[in-house]
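# Return atomic coordinates for the entry below.
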Amino acid sequence: MGSRPLLRNIFFLFFAITSSLTAGALSAVSGQDQDSPARFVDVKKHVPSIQVDMRYYTAHNFVGERIDGYNAPKCLLTIEAADALKKVQADLASFSLSLKIYDCYRPQRAVNHFVRWAKNVNDVRTKKEFYPTVDKTRLFADGYIAERSGHSRGSTVDLTIVPLPTPAGETYRPGQELFPCFLPAAKRFGDNSLDMGTGFDCFHVRAHTANKDIGTGQRINRLLLKSLMEKHGFVNYELEWWHFTLKREPFPDTYFDFPIE
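Next up is the predicted model:
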């Protein structure tokens, strides 16, 4: 991932981004105001080249088990958000890069699962990897867990960038030894993405998008992701480099709870 061809592609892509940015926003979406799952699409079907690693369908997440409502490893988003991601993916493809998605629409029942887990302060089986420096009693106060999530509105996505061809990543085995998510890439869980400085869902200050205590290459990778997502209408959550919400989301006040099937 640190090869000269990859770095060259990243710098060329930065040039392309800065050359084509305009003051215009995403065009308004016409159509019916349907407050239902009919407005949601399977992103993998909508943009087949996007890679999907739905962590909450697996046990490799901060809870340590599959999350309620994740009945299939699918990324569901509103058509507006999916169309915007399609544009991001097209920009990346020309430079032998691709998006990889960790989470998309999240049912309210999944958020409720997170809340129950957070209140059970004795369950710390994943602490060593995902929140090694945070006392679990602080998860609500420090903003890591909340009663509601923007993901439930259907236009928020957690994602990263991977090179093409994409190298094999580490396969998670329940019960395996865990390593802190903020360690150097060679020492933490072996994801196959560009090195963003921490793993996904890392409850640590180094996961803050603009954190300066990471390497230059890691900051460049974060800036690449942030710049492309902003170009196509997304806004980053400053405490999580992987977290983006469509600025003109169609359901800003609706928290859905239909399961992912």
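# all strands for this protein, in order.
Remark: strands assigned in the chain by DSSP state E are 40-42, 51-52, 76-78, 97-103, 156-163, 234-236, 243-246.
# distance between the second one and the chain's centre?
Right, strand 51-52. When distances are taken as C-alpha atoms, centre = their mean, to the nearest Å, strand 51-52 is centred 11 Å away from the chain's centroid.
# now swap in the fifth one and tell me
The chain centre lies 5 Å from the centre of strand 156-163; the measure is C-alpha atoms, centre = their mean.
# now do stretch 137-149
18 Å.
# pLDDT of that stretch, averaged?
Taken as a whole, stretch 137-149 has a mean pLDDT of 97.
# picking that back up, can you list the strands of the chain in a markdown table and add distance to residue 257 and mean neighbour count?
Yep, even glycine has a C-beta here, placed from its N, CA and C like the rest. Below are those laid out as a markdown table (distance: least, C-beta to C-beta, whole Å; neighbours: other C-beta atoms under 10 Å):
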| stretch | distance to residue 257 | mean neighbour count |
| --- | --- | --- |
| strand 40-42 | 13 | 19 |
| strand 51-52 | 22 | 18 |
| strand 76-78 | 13 | 24 |
| strand 97-103 | 16 | 23 |
| strand 156-163 | 15 | 24 |
| strand 234-236 | 24 | 20 |
| strand 243-246 | 19 | 24 |
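# Out of those, which gets nearest to residue 137?
Distance to residue 137, taken as C-beta to C-beta, is lowest for strand 243-246 among those, at 23.5 Å.
# I'd like the average pLDDT over that closest one.
The pLDDT scores in strand 243-246 average 98.
# List the contacts of residue 156.
With contact taken as C-beta atoms under 8 Å, 6 or more residues apart in numbering, residue 156 is in contact with 81, 104, 106, 149, 150, 243, 244, 245, 246, 249.
# how about those in JSON lines, adding distance to residue 178?
Shown next, in JSON lines, are the contacts of residue 156 (distance: C-beta to C-beta, whole Å):
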{"residue": "81", "distance to residue 178": "32"}
{"residue": "104", "distance to residue 178": "25"}
{"residue": "106", "distance to residue 178": "23"}
{"residue": "149", "distance to residue 178": "24"}
{"residue": "150", "distance to residue 178": "28"}
{"residue": "243", "distance to residue 178": "22"}
{"residue": "244", "distance to residue 178": "27"}
{"residue": "245", "distance to residue 178": "29"}
{"residue": "246", "distance to residue 178": "33"}
{"residue": "249", "distance to residue 178": "34"}
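# Quick one, which of the strands of the chain gets closest to residue 119.
strand 97-103 (21.4 Å).
# contact partners of that closest one?
9-10, 13, 43, 49-56, 75, 85, 88-89, 92, 151, 157-164, 166, 192-194, 200-201, 242.
# out of the residues you listed, which are buried?
Buried by 16 or more other C-beta atoms under 10 Å: 9-10, 13, 43, 50-56, 75, 85, 88-89, 92, 151, 157-163, 192-194, 200-201, 242, out of the contacts of strand 97-103.
# Report the backbone C-alpha coordinates of stretch 101-113 in CSV.
C-alpha atoms of stretch 101-113 as CSV (Å, rounded to 0.1, in the frame of the first residue of the first chain):
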residue,chain,number,x,y,z
ILE,A,101,-18.1,-0.1,3.3
TYR,A,102,-18.3,-1.1,6.9
ASP,A,103,-21.8,0.0,7.8
CYS,A,104,-24.8,1.8,6.1
TYR,A,105,-28.4,1.9,7.2
ARG,A,106,-28.7,0.8,10.9
PRO,A,107,-32.1,-0.2,12.3
GLN,A,108,-33.1,1.4,15.6
ARG,A,109,-33.2,-2.0,17.1
ALA,A,110,-29.5,-2.3,16.4
VAL,A,111,-28.9,1.0,18.2
ASN,A,112,-30.9,-0.3,21.1
HIS,A,113,-28.6,-3.3,21.1
